[in-house]
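K.L.:
Got a sequence here, can you build the structure:
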Amino acid sequence: MMRGRGMLLASVLAAVVVTAATVVVLLLVEPKLSKAEAVKTGGLAGGAVVALYALWLNDRRRRTEEARHELESDKVADERFARSVEMLGHEAEQVRVGAMHALSNLTYSSPRYKQTVLDVLCAYLRRPFTHPGFKEYSGDPDKLPRESDSEDLATADREREVRRTAQRLITDMLPFGDDPDQKRYHLDVTGASLEYFRLSGRRIGRLTARRANFYGITMINEVDASKPFLLSGARFHGRAFAAGSVFTGGLSLQDVTFAGELNVSGAVVDTFLHLSTDLPKPLTGELTVTAGTGMRIAPPEGWRLAGAYEVQERLRGGADGRAGDHDGLRDRAAVQADEPDQVRLERERPRHERDAEPEPDEVQQ
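P.N.:
Sure, this is the predicted structure:
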């Protein structure tokens, strides 16, 4: 308040000074100019000073209002987020579905919440869940015959729809195609039970799906993953499609079990690759491995690889000293997949340029 009054007084004094100075200058420079005209011109100059102050004051008020509005919007968004998360614990399935949609809508009005909302939905999917269809028709759970008199099945079906809603919203929130959002978002579905999981064409950062169970057809084709894609210990109960995907941050299929087909036609792996000894049934296509990609063990028999890879000893394991699914490797002996003899690849790039955030593997069989 005092500052505003001071600025007003200063502007008035400046206007008076400018007016007087203008009149004096005009009379000295133009002796023939009448005093009335000089005073009139000086008044206009002084008025201009006052007008500039008014413009500055108006702009300041506008910025203050915008800042206040932004703070109020953030407060409203925080309240919406808190209420929606609270409703995820509601007993009624339709309320939980509504809460998930509310969280998803929040990411459009407040993009800063997108990673947080993805974390919340992934946490929901990590909750223990089973369905009768997982046991009898794990490759396609929707084939389970409907029994109208089974209350347990009806309860499982309702929760199943909530979880499918979470999966669909996660997919919809991830950037794809011409989406201007260039940020890479991370997903952690460790140990989750996922049905008909789909990330087709999405751009992501890191996927952590250790020990996850994938039921039905899994679509991870044309995915662009800039960070490690970790599937260690996961089980694919149905067919899986990874055709055309680019795993720039590395791919771990350590101890993965495949009950059906895996299609990797046109897929590309960089940084590191760890393959499962359990061969997909069948394996379709070739997996392209870029030059300099590290492998801790030679590819198990039956895997078809194109390009170049390096078989290396492990430099160190995870934080607990156990084997890891990252590219912590050494003694790089380069191998050309399509040549019978070993050949030397280009000098290894510094490791911090290859994968700045290595991920330890926690799977022990």
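K.L.:
Stretch 89-109: which residues count as buried?
P.N.:
Neighbour-count burial for stretch 89-109 flags 93, 96, 97, 98, 99, 100, 102, 103, 104, 106, 107 (criterion: 16 or more other Cβ atoms under 10 Å). From N, CA and C alone the C-beta is placed, and that goes for glycine too.
K.L.:
surely the last one meets residue 115?
P.N.:
No. Shown here, residue 107 and residue 115 do not form a contact pair, counting by Cβ atoms under 8 Å, at 9.1 Å.
K.L.:
Among the buried residues of stretch 89-109, name the ones in strands.
P.N.:
The members of those all map outside strands under DSSP state E.
K.L.:
did I read that right, residue 214 in a helix?
P.N.:
No. Residue 214 is assigned strand when assessed by DSSP: H, G, I helix; E, B strand; the rest coil, not a helix.
K.L.:
In contact with it, which residues?
P.N.:
By Cβ atoms under 8 Å, 6 or more residues apart in numbering, residue 214 lies in contact with 194, 197, 234, 235, 236, 237, 238, 240.
K.L.:
show me the contacts for the first one.
P.N.:
Going back to what we said before, that points to residue 194. Residues in contact with residue 194 (Cβ under 8 Å, 6+ apart) are 125, 167, 212, 213, 214, 215, 218.
K.L.:
By neighbours, which of the residues you listed wins?
P.N.:
Among the contacts of residue 194, the one with the most neighbours (other Cβ atoms under 10 Å) is residue 214, at 27 neighbours.
K.L.:
Look up how far residue 291 lies from the closest residue in space to that one that isn't next to it in sequence.
P.N.:
Among residues not flanking residue 214 along the chain, residue 236 sits closest, at 4.8 Å (Cβ to Cβ, 6 or more residues apart in numbering). Residue 236 is 29 Å from residue 291, where distance means Cβ to Cβ, to the nearest Å.
K.L.:
who has more neighbours, the two?
P.N.:
Per other Cβ under 10 Å, whichever of residue 236 and residue 291 has more neighbours is residue 236, with 27 against 13.
K.L.:
Need the per-residue pLDDT for the more buried one.
P.N.:
pLDDT, residue 236: 97.
K.L.:
Just the strands from the stretch 51-200 of the chain, written as ranges.
P.N.:
Applying DSSP state E, counting those that start in this stretch to the stretch 51-200 of the chain gives strands spanning 187-188, 193-195.
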